[in-house]
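Novice: prediction below, plus the sequence it came from.
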Amino acid sequence: MDIFFKNIYFWLVLGLILATQLKIKFSIFFSRQDSGNELAIRIYLFKNFLSLKLELPVIKMLKGFIIPDLFLKENWELTHPRLPVHKDKNRLSVNKIDWQKVLVTIIKVKNLVRLYRSQIAYLTRSTHCLHFEWHTEYGANDAATTGVRLGIIWFLKGILLAILENKIIFWNKNPLVEVIPNFNQPCLNVNFCCIFAIKLGHIIIVGIKVVGQWLKKGVKLSNE
């Protein structure tokens, strides 16, 4: 009987060690066209054999900005067909965005990033970008305005890409990034697709660090 339990413990420990080496892939797809907005996230396990789909309605997310109206549709499947999308027929208007909520949300995110800076840094250092593609088509009412704003878009894309390349390991050294001018009509079309990979063990370590910080913070508050 003792030998039996020892064997169970051995296989449990071995299973946990192997599980920490399991690589998880995250695929993110976003598209903004005149016909609507699409956003989909897929999580791949066991070399793409098992996947979890998250379809996020962009308009509902932005209306609640971001948490209150967030709707997640989840389903498991044993295949990995073309990335799922959720189409929002309502076009997103800048005038309909509550910029006060936007500012409050940005401040909250900034505080969270500051609080968990070390955990986020560890997670990003352990993340590999397997594929990165970002296409933007923009057009304004006149060519001069289009040219100026295209320059701004290129500048912002360059900054964001430089930050990502500094924080995350890119396996593909040539990310596909382009800005296409449209001098015929006003438009803003965006297609974004990226695939990230990280080991489950790194996620577990970050989770332990976050829980430890929660407990430490709770102890400090109780002492005060």
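Specialist: Looks like it came in fine. Numbering: from 1, shown residues only.
Novice: could you use CA atoms for every contact and neighbour count after this?
Specialist: Will do.
Novice: ok, now which ones touch N184?
Specialist: Residues in contact with N184, defined by Cα atoms under 8 Å, 6 or more residues apart in numbering, are G139.
Novice: can you give me the strands for this structure?
Specialist: Using DSSP state E, the strands found in the chain span residues 23-33, 36-45, 50-55, 73-77, 87-88, 128-139, 169-170, 176-181, 187-199.
Novice: can you give me the buried ones in the last one?
Specialist: Which is strand 187-199. Taking 16 or more other Cα atoms under 10 Å as the basis for neighbour counts, the residues of strand 187-199 that come out buried are 187-190, 192-199.
Novice: now, which of those sits nearest I152?
Specialist: Here the nearest of the buried residues of strand 187-199 to I152, counting by Cα to Cα, is L188; it sits at 13.8 Å.
Novice: that closest one contacts R149, correct?
Specialist: No. Because the distance of 11.3 Å does not satisfy Cα atoms under 8 Å, L188 is recorded as not touching R149.
Novice: now for the two: what residues contact both?
Specialist: Between them, L188 and R149 share no contacting residue, judged by Cα under 8 Å, 6+ apart.
Novice: if we can go back for a sec, looking at the strands of the chain, which is nearest to Y116?
Specialist: Among the strands of the chain, strand 187-199 comes nearest to Y116, with 18.5 Å by Cα to Cα.
Novice: now the angle from that closest one to strand 36-45?
Specialist: Following axes from the mean of the first three to the mean of the last three Cα atoms, to 10 degrees, one obtains 10 degrees for the angle between strand 187-199 and strand 36-45.
Novice: other residues contacting strand 187-199?
Specialist: Defining contact as Cα under 8 Å, 6+ apart, one finds that strand 187-199 is touched by 20-34, 126-140.
Novice: many thanks, we can stop here.
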